[in-house]
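**Student:** Build me a structure from this.
(2 chains)
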There are 2 protein chains.
Amino acid sequence: MWFTGLSGAGKSTLANAVAAAIHAATARPLEVLDGDDIRTFLSAGLTFTRADRDTNVRRIAYVARLLAKHGTLVFVAAIAPYAETRAEIRAASVAAGHRFVEIFVDASLETVTARDVKGLYKRALAGEIPHFTGVSDPYEAPTAPELAVPSDREALDASTARVVALLRELALVAEQ
Amino acid sequence: MWFTGLSGAGKSTLANAVAAAIHAATARPLEVLDGDDIRTFLSAGLTFTRADRDTNVRRIAYVARLLAKHGTLVFVAAIAPYAETRAEIRAASVAAGHRFVEIFVDASLETVTARDVKGLYKRALAGEIPHFTGVSDPYEAPTAPELAVPSDREALDASTARVVALLRELALVAEQ
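**Tutor:** You can find the predicted model right below:
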């Protein structure tokens, strides 16, 4: 399950909330791969050019497939700004026999800029961070995600409940 | 379980033979991470300088820990030439609550050069491959591995049986 969206849209928050909510309802091991952590461990040295972003996304997807292969449910919280690359990792997951579920964590650029939890938008708008998604680099919003969550207009509890309902519907966690 | 040794010493062969041998004896999922494959997926662009080799080894170890965290038994077949780096990833594994077992796949440089399965030693000795372990780059042999396997003087079956016996002794697979 890949949570895609702008920086600050609430991808990690939602992924972790869903993980906590289903923890009791699934016997399957569960891993949350956070884009920021993954960069530290797998992609230090990569920049934010399109080629390097794609490499980063493919690496995360490779690790997710390895984990899924052995029965782990994997939630990835990472921007993954390019539609073509998301389509590619979806196809690779499906080819490996896994389900790929795209959750679009949809907060407007205005909202994430105003919130600016990590202070990055301010710096990006000042031109201090090149290739910043939504500011100086594109974000190609999903046109057909399995679920879109308007994280700037919906409470976290409600979003979490909708993702959990989807997981049950897809039989990725047990019905209760 | 990390299989370390020179290129061509038989690390992957032994790791895969052990995997096949214990497959029926363990209910745990099992993954063999091969250094060459991993480089393709996780470390494309890295060179064979000490810094880049260390980064590669740390990435493999990170992925191995992720898999081990969810109950997967992981066999890594990768040179990992530096003792200090092997000690570091051992410590990180132990800190994460996992067992780290080092298998030294010990074939002499003469043997692997004569065998030269991939034709790499010939090229390395001709100066065509910089930073080639054992030729133009160091290999720091383990001084206290959990097991040393003289792969140039012992049949694969015998080596496999010894690694399997160690796995049973460590209770990493069930007794039979």
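
**Student:** partners of residue A:30 in the sheet?
**Tutor:** Counting by DSSP bridges, residue A:30 forms beta bridges with residue A:73.

**Student:** Test my guess that residue A:99 contacts residue A:93.
**Tutor:** Yes. At 7.4 Å, residue A:99 counts as touching residue A:93 under the criterion of CB atoms under 8 Å. All C-beta atoms are positioned from the backbone trio N, CA, C, and that covers glycine.

**Student:** Settle it for me: which of those two has more neighbours?
**Tutor:** A count of neighbours by other CB atoms under 10 Å in any protein chain shown puts residue A:93 above the other of residue A:99 and residue A:93, at 19 against 14.

**Student:** excluding its backbone neighbours, what's nearest the residue nearest in space to the middle of chain A?
**Tutor:** Closest residue to the average C-alpha location of chain A: residue A:3 at 2.4 Å, with CA atoms, centre = their mean. Closest residue in space to residue A:3, ignoring its immediate chain neighbours: residue A:11 at 4.1 Å, by CB to CB, 6 or more residues apart in numbering or on different chains.

**Student:** Relative to chain B, how far out is that neighbour?
**Tutor:** Distance, residue A:11 to chain B, by CB to the nearest CB, to the nearest Å: 19 Å.

**Student:** got the contact list for that residue?
**Tutor:** Counting by CB atoms under 8 Å, 6 or more residues apart in numbering or on different chains, residue A:11 touches A:3-5, A:35, A:77-79, A:105.

**Student:** switch the cut-off to 7 Å
**Tutor:** Residue A:11 sits next to A:3, A:5, A:77, A:105 when contact means CB atoms under 7 Å, 6 or more residues apart in numbering or on different chains.

**Student:** buried stuff in stretch A:13-31?
**Tutor:** By neighbour count with 16 or more other CB atoms under 10 Å in any protein chain shown, stretch A:13-31 contains the buried residues A:13-19, A:21-22, A:30-31.

**Student:** Columns distance to residue B:143 on top of those residues, output as a markdown table?
**Tutor:** As requested, those are arranged in a markdown table below (distance: CB to CB, whole Å):
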| residue | distance to residue B:143 |
| --- | --- |
| A:13 | 47 |
| A:14 | 49 |
| A:15 | 43 |
| A:16 | 43 |
| A:17 | 48 |
| A:18 | 47 |
| A:19 | 42 |
| A:21 | 49 |
| A:22 | 47 |
| A:30 | 39 |
| A:31 | 35 |
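
**Student:** Okay, and which of those map to helices?
**Tutor:** A:13-19, A:21-22 (DSSP state H).

**Student:** quick one on the thing from earlier: which of the contacts of residue A:11 fall in strands?
**Tutor:** Using DSSP state E, the subset of the contacts of residue A:11 located in strands is A:3, A:77, A:105.

**Student:** Only the buried residues of the helix ranked longest in chain A, if you could.
**Tutor:** The residue-count maximum for a helix in chain A (DSSP H) belongs to helix A:50-69. For helix A:50-69, the neighbour count (16+ other CB under 10 Å) marks A:53-68 as buried.

**Student:** Tell me how far residue A:68 lies from residue B:66.
**Tutor:** Look at residue A:68 and residue B:66: by CB to CB, to the nearest Å, they are 12 Å apart.

**Student:** can you check residue A:40 too?
**Tutor:** Counting by CB to CB - residue A:40 and residue B:66 are separated by 13 Å.

**Student:** lowest-pLDDT helix or strand in chain A?
**Tutor:** Lowest by mean pLDDT, DSSP states H and E among the helices and strands of chain A is helix A:35-42, with a mean of 88.

**Student:** What is that one packed up against?
**Tutor:** helix A:50-69, helix B:50-69 (3 or more CB pairs under 7 Å, 6 or more residues apart in numbering or on different chains; DSSP states H and E).

**Student:** List of residues touching the first one?
**Tutor:** What that stands for is helix A:50-69. With contact meaning CB under 7 Å, 6+ apart, helix A:50-69 is reached by A:31, A:33, A:38-39, A:42-43, A:46, A:74, A:76, A:78, A:80-82, A:85, A:89, A:92-93, A:96, A:98, B:31, B:41-42, B:63, B:66-67, B:70.

**Student:** Which positions in chain A make contact with chain B?
**Tutor:** A:29, A:31, A:41-42, A:59, A:62-63, A:66-67, A:70-72 (CB under 7 Å from any CB of the partner chain).

**Student:** Columns distance to residue A:115 on top of those, output as JSON lines?
**Tutor:** Below are the residues of chain A next to chain B laid out as JSON lines (distance: CB to CB, whole Å):
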{"residue": "A:29", "distance to residue A:115": "33"}
{"residue": "A:31", "distance to residue A:115": "27"}
{"residue": "A:41", "distance to residue A:115": "27"}
{"residue": "A:42", "distance to residue A:115": "28"}
{"residue": "A:59", "distance to residue A:115": "28"}
{"residue": "A:62", "distance to residue A:115": "32"}
{"residue": "A:63", "distance to residue A:115": "29"}
{"residue": "A:66", "distance to residue A:115": "34"}
{"residue": "A:67", "distance to residue A:115": "31"}
{"residue": "A:70", "distance to residue A:115": "37"}
{"residue": "A:71", "distance to residue A:115": "37"}
{"residue": "A:72", "distance to residue A:115": "32"}
